[in-house]
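> dropping a prediction and its sequence here:
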Amino acid sequence: MTAIKRIVLSSDHAAIDLRQAVAAHISAQGWDVLDIGPMTPESTHYPKHGKAAAQAVASGDCQLGIVLCGTGQGIMMAANKVPGIRCGVCSDTFSARMIRQHNDANMLSIGARVVGEGTALDIVDAFLSAEFEGGRHATRVDMIEAQEG
């Protein structure tokens, strides 16, 4: 895994503006942001964008990933199909902290049609500032990982 704080972002057409706001926000915090698009508003399919971002995390090219679509649900489901990915959709800061602390989530999903920009940035901050607690939670994460494949 790279030593640089590197994060991948992707979305479908419904979340381009919010994704770009998130990218600027975390770039200002010192993260190297790999924004893999899309860049134009034509309708596109969230499964390919969720998978591409998840592959960047699973490969170790990026430590974390953030994906966005209208609800955050579909792109999260696509990301979770990639082995080694633990992605949760969050619309509040408590959940964003907990998926990192208790589930060792390596990806966050946000619904652009569910939360506004201010809330989304707070969710991102909660996710990025939290750390996995290990302990009893590590046993559970191991159980999740054992179900892959």
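Nice, I can see it. Numbering: from 1, shown residues only.

> going by C-alpha atoms from here, please, whenever you check contacts or count neighbours.
OK.

> now the helix-or-strand element of the chain with minimal mean pLDDT: how far from the chain's centre is it?
When the helices and strands of the chain are compared on mean pLDDT, DSSP states H and E, helix 136-146 comes out lowest with a mean of 87. Distance of helix 136-146 from its chain centroid, counting by C-alpha atoms, centre = their mean, to the nearest Å, is 19 Å.

> same check, this time on stretch 140-149
19 Å.

> contacts only, for Ala105.
85-88, 99 (C-alpha atoms under 8 Å, 6 or more residues apart in numbering).

> what about the closest residue to it other than its chain neighbours, neighbour count?
Sequence neighbours aside, Arg86 is the residue nearest to Ala105 in space, at 4.7 Å (criterion: C-alpha to C-alpha, 6 or more residues apart in numbering). Neighbour count for Arg86, taken as other C-alpha atoms under 10 Å: 23.

> tell me the spacing between Arg86 and Ala120.
Per C-alpha to C-alpha, to the nearest Å, Arg86 is found 19 Å from Ala120.

> thanks again, I'm all set now.
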